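Participant: Using only what follows, build the 3D model:
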Amino acid sequence: MALIKIRDYNPNYEDSILDGNPLHSFDLYTNADGKRVGSVQDILVDESGRLRYFVIDTGFWIFGKKVLLPMGLCRIDYTNGRVYASNLTEERVKELPRYDEDTTVDYAYEEKVRNIYRVPERRNTANQHDEYSYNHDDHDHDLFGLREEDHGILKLYEERLIADKNRQKVGEVAVGKTIETQRAEASVPVENERVVVERRTPAHPEKAVAPHETDFNQEEVARLEIHEETANIEKEAFVSEEVSVRKEVDRDVVTAQEKLRREKLDLDVEGRPTVEHKR
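Facilitator: Residues are numbered from 1 along each chain as shown. Predicted structure coming up:
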């Protein structure tokens, strides 16, 4: 299967692989004499995301020619933005097939590249493999094996305060009703009727009544209705008070102070080397 450009596999590769450094900020140097011989243009990975090649622009060696550099033959200096290549000579650059943006890096193309980087005694045995039996890590580990000391990153750590909060139950409030009793008094006026019979002597008892005014009738009766009021006291329920229950949040800010540690880069320089810092 053809290799792919790293940005097509992982768009965030500069943060996750290059520790935030832009890819084009890496210059290419040789391990032999420490001479700048070009710059890094791209990275090719396989279908599982393993780093296989740097695409390098050879600059002044062969102007405008881009070739592939196996990952196992380089050392990455993240601090200074440099890639140091081993076993890379001007003769090899001339022999390597040219790489262009539209180049398909399949098994056949890789074999041309690998045969130039392989040591002579391994070129014949490597040709015994085909596209389906070939494995980068098994057959050319020296070309593609990533060594931590060459591809690692010196990480500087610092402590930071992380503010967070936990929510926990500290209690609860239950609002209910209880019944209490008390003695009450209510008064209501009532009326009761009674019959009062008064007997009195006429003002002129000696005066005789005329015969025609006399009416002796034993059936004559005076009737009066007697009424009496009774008190009717009952209990009725009324709403005496309304209670609403809600929660209110009181906000406050809790401030804490701690001593934080931070690692700083310490360069131990002997002699008078030129040290270039890049961030």
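
Participant: Which secondary structure elements does the lengthiest strand in the chain sit against?
Facilitator: For the chain, the strand that runs over the most residues, judged by DSSP state E, is strand 36-45. Other elements packing on strand 36-45 under the criterion 3 or more C-beta pairs under 8 Å, 6 or more residues apart in numbering; DSSP states H and E are strand 4-5, helix 6-9, strand 27-30, strand 51-57. The C-beta positions use only the backbone N, C-alpha and C, and glycine is treated the same way.

Participant: Doesn't His24 belong to a helix?
Facilitator: Yes. Counting by DSSP: H, G, I helix; E, B strand; the rest coil, His24 is found in a helix.

Participant: Make sure it is actually in contact with Val40.
Facilitator: Yes. Here His24 reaches Val40: they are 7.1 Å apart, a contact under C-beta atoms under 8 Å.

Participant: the more surrounded of these two?
Facilitator: Shown here are His24 and Val40; by other C-beta atoms under 10 Å, Val40 has more neighbours (22 against 13).

Participant: Buried by neighbour count: which residues of the longest strand of the chain qualify?
Facilitator: Val37, Gly38, Ser39, Val40, Gln41, Asp42, Ile43, Leu44, Val45 (16 or more other C-beta atoms under 10 Å).

Participant: residue ranges for the helices of the stretch 51-200 of the chain, please.
Facilitator: All helices of the stretch 51-200 of the chain, identified by DSSP state H, counting those that start in this stretch, fall at 90-95, 107-117, 120-126, 136-139, 141-144, 148-151.

Participant: lowest-confidence stretch among those helices?
Facilitator: Mean pLDDT is lowest for helix 148-151 among those, at a mean of 50.

Participant: how near is Asp33 to His141?
Facilitator: Computed as C-beta to C-beta, to the nearest Å, the Asp33 to His141 distance reads 27 Å.

Participant: let me redo that: Tyr53
Facilitator: 15 Å.

Participant: quick one: which of those two has more around it?
Facilitator: Tyr53 (24 against 11).

Participant: Quick check: which ranges of the stretch 1-150 of the chain have low pLDDT?
Facilitator: 120-138, 146-150 (pLDDT under 70).

Participant: centroid residue for this protein?
Facilitator: Taking C-alpha atoms, centre = their mean, the centroid of the chain lies closest to Asp164, which sits 12.7 Å from it.

Participant: show me the contacts for it.
Facilitator: Applying C-beta atoms under 8 Å, 6 or more residues apart in numbering to Asp164 gives no contacts.

Participant: Could you tell me how far it is located from Val245?
Facilitator: In terms of C-beta to C-beta, Asp164 sits 31 Å off from Val245.

Participant: Over to Tyr107?
Facilitator: On the measure of C-beta to C-beta, Tyr107 and Val245 end up 76 Å apart.

Participant: More neighbours: these two, which one.
Facilitator: More crowded of Tyr107 and Val245, by other C-beta under 10 Å: Tyr107, with 15 against 7.

Participant: Tell me how many other residues crowd the closest residue to Arg7 other than its chain neighbours.
Facilitator: With sequence-adjacent residues excluded and distances taken as C-beta to C-beta, 6 or more residues apart in numbering, Arg7 is closest to Tyr13, at 6.5 Å. Residues near Tyr13, counting by other C-beta under 10 Å, number 18.
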